[in-house]
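Q: generate coordinates for the sequence data below:
(chains A and B)
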Amino acid sequence: MSIVLLVVLVGIAVWVIGAYNGLIAAKNQTVNALKQIDVQLKRRHDLIPNLVKSVQAAMDFEKDTLQAVIAARNTAVNAAAGLDTQHVAATAKAEAALTASLGKLFALAEAYPQLTANANMKQFQEELTSTENKVAFARQLYNDTATSYNTKQQQFPTNLVAGMANAAIAELWEIEDQAEKAVPNVEFRRGA
Amino acid sequence: MNLFEQQAANRRKSRLLIAGFFLFFAWLGLGGDWLLYQATVVNGEPGGYRHVVPWGGIVMAGIAMLMVWNIRRTGADKVLSSAGAWAIETPESPAERQLVNVVEEMSVASGLPAPTLYIIDDPDPNAFVTGQDPARSHLAVTQGLLDLLDRDELQGVIAHEMGHVKNEDMQLMTLVAGLAGAIALLADGTGRILFRGSRHGVRLGGGGGGRGGKKGGGLIVIVLVLWLISWLLAPLVTRMLALAISRKREYLADAMAAQFTRNPLALASALDKIEKQPLPTKAIKHGVAHLCIADPLGWKATRNPGITGELFSTHPPMAIRVARLKAMGFQEAKKGS
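A: Residues are numbered from 1 along each chain as shown, chains lettered A, B, ... in the order given. Okay, here's the model as predicted:
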């Protein structure tokens, strides 16, 4: 009888170790995925001043838009400094604002044929498209990984071990900014 | 079914097939051992050979491991050089730059390091991935693929290949190929040995009924007959199982692509375009067919009507792949198209 009890206790201990290690692994994967977003965000932040410089000469009349892009970029750089799995919302909001301002810039650039036809500009657009894609995919991977971590923490019986493992619910990267969710208002202006 | 449900279903089905494959392999080896055990230990003459250690199973496993080792050894380099692939060191044209960017994007999305990139000079669109380690994989695309697809479709195809890398399909199919190869080799050579052995078995089983002194005679006969039939059919059965596993992994890679890009319709559109190209991909040898996006044999293989065509191809029918991707994109496939 005591052997049966011993086997049961050993079994429970083995399970506890496995569950605890699983939670630690999931947490570290989540943190890693967040750091990958950081890498892509930095790339994006570095690319933007170059973009603005290259279109400044041609798009002289659109100073407001260009300044808005630079301002949004600086806000985003500051917000990204405090990024961790419990504080995602501020960075998400700043990046969304930056995306919106970039969208306005590219919509306006359509009206400047010397920009749209330029081969260098096309290459720049490809680089920016790729950077935006990478940010999006890094965000997506983080959300997938964080969801899996959160699910593990909340499901029974792993949730019994969650306290011991210092598991905390990771914040998902959501689109908070109402402006990005709103339909963009497109104005058609004559001439340049 | 949404993409996560499809992933779970495909994983489950392929696990069942793999388990079946291993069980069949074990049955071929250990079944013979059990019969020999019955013949020499339970019913044998004292002082004769006693078959206690399952040498049959051990030898088969050993041969299989040798074959796996051989396949791994001759792996990536041979495949790539035989296809005439040249590596991209620095991208020269905008198209190459775009390809490099797309591959980098997919490595971010999948969480894997970027594979070494190769281009194959073949006008037929195709792509494959190879390498025994997710950290050191090689991805090759044909010039035809680059010319045919737009950016989103190319992204879908690359995502499909990265899905293969993430699922370690190369290792799985190498293992399956090694086991199947061992069986084919042994089935060939042991034909004669089995014929001699079956006479022993007949004496064992047939004599049991008459003399009544042999133990378990009826069961032994049944097992013997089943075992011999298994060996006769073994090359066919293992080939069909291996191809079924390959097809399930293709569906799974499609679902992984949908997860990475969140754009299953782009991959569906790419597959549609690739399917419309009837020519086979001459540059890709049949050995890596299971790692390609589309069957390199072209229409010849995938257009075979009926069940025999489907059972013996490495890739599922394109129409069903497109339909499942469209289902992931919540769009009903048009009936009859």
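Q: burial count for the closest residue to B:Ala83 other than its chain neighbours?
A: In space, and not counting its chain neighbours, B:Ala83 is closest to B:Ala283: 4.8 Å by Cβ to Cβ, 6 or more residues apart in numbering or on different chains. C-betas here are computed from N, CA, C, even on glycine. Other residues within reach of B:Ala283 by the criterion other Cβ atoms under 10 Å in any protein chain shown amount to 20.
Q: what sits against B:Ala283?
A: Taking Cβ atoms under 8 Å, 6 or more residues apart in numbering or on different chains as the contact definition, B:Ala283 lies against B:Ala83, B:Gly84, B:Ile120, B:Asp121, B:Asp122, B:Thr142.
Q: give the buried residues for stretch A:58-77.
A: By neighbour count, and taking 16 or more other Cβ atoms under 10 Å in any protein chain shown as the criterion, the buried residues in stretch A:58-77 are A:Ala58, A:Met59, A:Glu62, A:Thr65, A:Leu66, A:Ala68, A:Val69, A:Ala72, A:Arg73, A:Thr75, A:Ala76, A:Val77.
Q: just these now: which is nearest B:Ser14?
A: Using Cβ to Cβ, A:Ala76 is the member of the buried residues of stretch A:58-77 that lies nearest B:Ser14, at 43.2 Å.
Q: nearest spatial neighbour of the closest one, skipping sequence neighbours?
A: In space, and not counting its chain neighbours, A:Ala76 is closest to A:Ala94: 4.2 Å by Cβ to Cβ, 6+ apart.
Q: does that neighbour touch A:Ala79 like I think?
A: Yes. Under the criterion of Cβ atoms under 8 Å, A:Ala94 is in contact with A:Ala79, at a separation of 3.8 Å.
Q: is chain A contacted by the strand or helix carrying B:Leu117?
A: In this structure, B:Leu117 sits in strand B:116-120 according to DSSP states H and E. No. Among the residues of strand B:116-120, none lie within reach of chain A under Cβ under 8 Å from any Cβ of the partner chain; the closest is 14.8 Å away.
Q: and A:Pro157, how many neighbours?
A: For A:Pro157, the count of nearby residues is 9 (other Cβ under 10 Å).
Q: any idea how far A:Thr147 is from it?
A: For A:Pro157, the distance to A:Thr147 equals 20 Å [Cβ to Cβ, to the nearest Å].
Q: ok, now A:Ala90?
A: Here the criterion is Cβ to Cβ. By it, A:Ala90 lies 20 Å from A:Thr147.
Q: next, the residue nearest the centre of chain B: secondary structure please.
A: Closest residue to the average C-alpha location of chain B: B:Ser246 at 3.7 Å, with Cα atoms, centre = their mean. Per DSSP: H, G, I helix; E, B strand; the rest coil, the local secondary structure of B:Ser246 is helix.
Q: so it makes contact with B:Met170?
A: No. Using Cβ under 8 Å, B:Ser246 makes no contact with B:Met170, being 11.6 Å away.
Q: quick one on the thing from earlier: can you tell me which two in the contacts of B:Ala283 are farthest apart?
A: Between any two of the contacts of B:Ala283, the greatest separation by Cβ to Cβ is 10.1 Å, found for B:Gly84 and B:Thr142.
Q: more neighbours, the two?
A: Using other Cβ under 10 Å, the more surrounded residue of B:Gly84 and B:Thr142 is B:Thr142, with 27 against 15.
Q: what bridges to the more buried one?
A: B:Thr142 has these beta-bridge partners by DSSP bridges: B:Ile120.
Q: what pLDDT does the model give it?
A: pLDDT, the model's per-residue confidence, is 90 for B:Thr142.
Q: interface residues of chain B facing chain A?
A: Applying Cβ under 8 Å from any Cβ, we find that chain B lies next to chain A at B:94, B:97-98, B:101-102, B:104-106, B:108-111, B:151, B:259-260, B:262.
Q: 7 Å instead, please
A: B:Pro94, B:Arg97, B:Gln98, B:Asn101, B:Glu104, B:Glu105, B:Val108, B:Ala109, B:Gly111, B:Arg262 (Cβ under 7 Å from any Cβ of the partner chain).
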